[in-house]
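Give me a model of this one.
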Amino acid sequence: MTYRVMTVCTGNICRSPMAEIVLRQRLEAAGLADEVVVDSSGVSDEEHGNPVDRRARSVLAARGYPTGDGHRAHRITATELASRDLVLVATAQHARTLRRMAEPAAADRIVLLRRFDPAAPVVGPGEPEHVLDLDNPWYGGMQDFEDCLTQIEAAADGVLTHLRTTLHP
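A predicted model of the protein is given here:
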């Protein structure tokens, strides 16, 4: 059985495709690519059909990742949300949006990506999650995209550890 992971941001052209690409590479390197499928979406349809942002493509290429050729942004559907085992969101606002959309049993599968970053702040039950938001590079320059990719990479190893534990207890 395949474990399904989805990364989610606002428009599905920056943060979520970068996270999807990084996670796929880490899974491939760990020998788990045949067990875990990763895709991405957005909570908005404002970028529907658009490719990965050129700045995101540039920073991905500079660090040796694929650049998301063939990616087309789309908005997450209720069916997609229900069929994913883990939904990694970029911000607390994305989490709130998806938790309202999800069946009650699925809400606990919606997790901020940075919860898997060992250097990120620890957020306890009931505490505000926004301190774990991935920086939004859209309105910034190349450094903002590099910083966002660094945050994604910092969380990716924790996600990988979680997946290993989940798949092979």
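
Val38 and Arg26, how far apart?
10 Å (C-beta to C-beta, to the nearest Å). C-beta here means a position set from N, CA and C on the backbone, and glycine is covered the same way.

Looking at these two now, which is surrounded by more residues?
Val38 (24 against 19; other C-beta atoms under 10 Å).

where do the strands sit along the protein?
Secondary structure of the chain (DSSP state E): strands at 3-9, 36-42, 86-89, 110-112.

Show me how far the third one is from its chain's centre.
Relative to its parent chain, strand 86-89 has a centroid offset of 6 Å by C-alpha atoms, centre = their mean, to the nearest Å.

same question, the second one
Centre-to-centre, strand 36-42 and its host chain are 8 Å apart (C-alpha atoms, centre = their mean).

quick one: it to strand 3-9, angle?
With axes from the mean of the first three to the mean of the last three C-alpha atoms, to 10 degrees as the basis, strand 36-42 and strand 3-9 are set at 20 degrees to each other.

what mean pLDDT does strand 36-42 have?
Summarised as a single mean, pLDDT over strand 36-42 is 98.

in that strand, what counts as buried?
36, 38-42 (16 or more other C-beta atoms under 10 Å).

Out of those residues, which is nearest to Thr165?
Closest approach to Thr165 among those (C-beta to C-beta): Val36, at 12.7 Å.

check contacts around that closest one.
Residues counted as contacts of Val36 (C-beta atoms under 8 Å, 6 or more residues apart in numbering) are 2-5, 27, 163, 167.

Same check on Thr91?
9, 112, 130, 133-134, 136 are the contacts of Thr91 under C-beta under 8 Å, 6+ apart.

if you set the cut-off to 7 Å instead, what comes out?
When contacts are counted by C-beta atoms under 7 Å, 6 or more residues apart in numbering, Thr91 is found next to 133-134.

Out of the buried residues of strand 36-42, which is nearest to Leu60?
Ser40 (13.1 Å).

is that closest one in a bridge, and if so with what?
Thr7 (DSSP bridges).
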